[in-house]
Every structure is written in C-alpha cells, then in structure tokens.
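Trainee: have a look at this prediction, sequence included:
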Amino acid sequence: MAESAMIDNYDISYELEALKAIFSGDGEFTELSDLNSPNKLFRIQIKLEEINHGRPVNLQITFTLPRDYPNNLPDISLSSTELNRKFLDSLKHDLLVHSEDLRSQPMIMDQVMWVQENAGKYIQTEAASVEVAGSSSQAGCTVLCQLDHMRARTKYCKKLCKWALDLSVRGGIFFVKNLIFILLNGSQINVKEFLVRLKTQNVDVDSHGKSCKERMMKVLVDLLYLQALYLN
C-alpha cells in the first residue's frame, strides 16, 4: 500500500456514532471499552433472517480496532449460540480476505453488510452437509458375502436370523454345493453393524467344538459402493 494512501490521525468517533445510529435497537451495539482507551472494542449484533427454517439467527461480531485503524484491519471475533464453530471460522476467514481491499478507509459498516449478505451461504452449506451425512447412513445398501464353512449350521443360521430381525436387515443364506453365500439388504448403518457382529461375536464352533468367531468371511460385492463408482 502506498504511503500516500494511508490515513493519519483518523478520528474513529464519527464512524462509531454512525454505527450507533444505524444499530440502535436493543442489544445491537455494545461498547466494550472505555471511551479513553487507545484500542476501541465494541460488539454489533445482527439477525440473519430466513436462513434457519424461517427462524432468525443471532450473530455477534466483536471488533477490536488497532491504533492505526483503518490502515490496519480490526481484530474480529464471530460468535453465535446457533451456529457451528467450524462455519463461523470459515465465515471469518473469508470476511478477512474481503476486508483486505478495504484498508485505509472506514470499513466496519462494509464488513457488517458483507456478513449479512454472505452468512446464509455458510449456514446452507452446514445444513446440506448435515442432511447428506444423515441420508448416507440411512441409504439402501446391498452386500453379498461368502463364508468358508459352517460347522454348527443350525446354530450359525439361527444367530444370523436373529441379527437380521434385530437390525431390520433383509436377505438370505444360500448353499451352492460347497459354497455358502449371505445376501444382506438394509440401511447402510445396519448392514455395517451386521457385518461387525459377524466378525466380533461367536457364531460357530472350531474343530475342537469350542465357540468361535467368523474368521474367513469375505465381502464379494457392495452394491452401494459400486453405485457410487458408477455415478462418479
């Protein structure tokens, strides 16, 4: 920045008075520092309308102005009891990037307006990510597995049927000569739990007749995974 473009001895009082007049509602503007303090500290609270299923979201922006403001940017803190910290940090990062072009001019109102205009994008991203995460765990999933053997077939099949009932998983056990297949269909999270149980709980007996876990199960086909590869 050229030296001639900088503002020397800037009087912040005029900008603060304008902000107080604009944000004059209850709790909208709060002075946090002494009037004689070299670093001005204040908070502006704004309402973000129609971005949370029609309910306004309160967002607090706290500004700490350095002595050489506006030649240097204010320190900014964003807080809200209704928004995720991760997205507040993303919003703040992009606000500071935007503010680089505002050096050497009064910028607080511009920064507040930028937050009002852009915060909704971050909240929509957050809601979308939550929706995708929730839907993926409930997505339909079909898995085909192969077992090497069953020594205690009746006990083994009874256990598998119980798990299927507990987890609302559909499917079947197929014996094709010396091959054994298990077909599972249900929500992704429940099919995954079924496979975890198959690997971690006793379902069969070993050559000595002692209860044992399934050690040789193989997942042959995961149709959800194949669909993802096809769509991408």
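Mentor: Sure, I can see it.
Trainee: show me where this structure has helices.
Mentor: 12-22, 85-99, 108-138, 153-167, 188-200, 223-231 (DSSP state H).
Trainee: which of those helices sits closest to Lys47?
Mentor: helix 108-138 (9.0 Å; C-beta to C-beta). C-beta: built from backbone N, CA, C; applies to glycine.
Trainee: pull the contacting residues for the residue sitting furthest away from the middle of the chain.
Mentor: Within the chain, the residue lying farthest from the chain centre (C-alpha atoms, centre = their mean) is His208, at 49.9 Å. By C-beta atoms under 8 Å, 6 or more residues apart in numbering, the contact set of His208 is empty.
Trainee: can you pull the phi/psi pair for it?
Mentor: phi -100, psi 0 (degrees, to the nearest 10).
Trainee: can I see the domain layout of this protein?
Mentor: 3-134, 139-231 (automatic domain parsing).
Trainee: for the protein, which spans come out with low pLDDT?
Mentor: 1-7, 35-37, 50-54, 122-139, 223-232 (pLDDT under 70).
Trainee: can you rerun that using 80?
Mentor: 1-9, 34-39, 49-56, 82-84, 120-140, 221-232 (pLDDT under 80).
Trainee: what bridges to Val205?
Mentor: Ser211 (DSSP bridges).
Trainee: isn't it up against Ser211?
Mentor: Yes: contact criterion C-beta atoms under 8 Å: Val205 and Ser211 qualify, at 5.9 Å.
Trainee: returning to that earlier point: could you dump the helices of the chain to JSON lines with distance to Pro66 and mean neighbour count?
Mentor: What follows is these, written out as JSON lines (distance: least, C-beta to C-beta, whole Å; neighbours: other C-beta atoms under 10 Å):
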{"stretch": "helix 12-22", "distance to Pro66": "11", "mean neighbour count": "14"}
{"stretch": "helix 85-99", "distance to Pro66": "13", "mean neighbour count": "15"}
{"stretch": "helix 108-138", "distance to Pro66": "13", "mean neighbour count": "14"}
{"stretch": "helix 153-167", "distance to Pro66": "59", "mean neighbour count": "15"}
{"stretch": "helix 188-200", "distance to Pro66": "50", "mean neighbour count": "16"}
{"stretch": "helix 223-231", "distance to Pro66": "50", "mean neighbour count": "11"}
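Trainee: Throw these into a markdown table and include distance to Phe181, thanks.
Mentor: Output for the helices of the chain, formatted as a markdown table (distance: least, C-beta to C-beta, whole Å):
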| stretch | distance to Phe181 |
| --- | --- |
| helix 12-22 | 70 |
| helix 85-99 | 43 |
| helix 108-138 | 25 |
| helix 153-167 | 12 |
| helix 188-200 | 13 |
| helix 223-231 | 14 |
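Trainee: nearest to Leu144, out of those?
Mentor: helix 223-231 (8.0 Å).
Trainee: minimum distance to Met217: which of the helices of the chain has it?
Mentor: Of all those, helix 188-200 sits nearest to Met217, with 5.9 Å by C-beta to C-beta.
Trainee: now the angle from that closest one to helix 153-167?
Mentor: With axes from the mean of the first three to the mean of the last three C-alpha atoms, to 10 degrees as the basis, helix 188-200 and helix 153-167 are set at 150 degrees to each other.
Trainee: elements contacting helix 188-200?
Mentor: On a contact count with 3 or more C-beta pairs under 8 Å, 6 or more residues apart in numbering; DSSP states H and E, helix 188-200 meets helix 108-138, strand 140-147, helix 153-167, strand 179-187.
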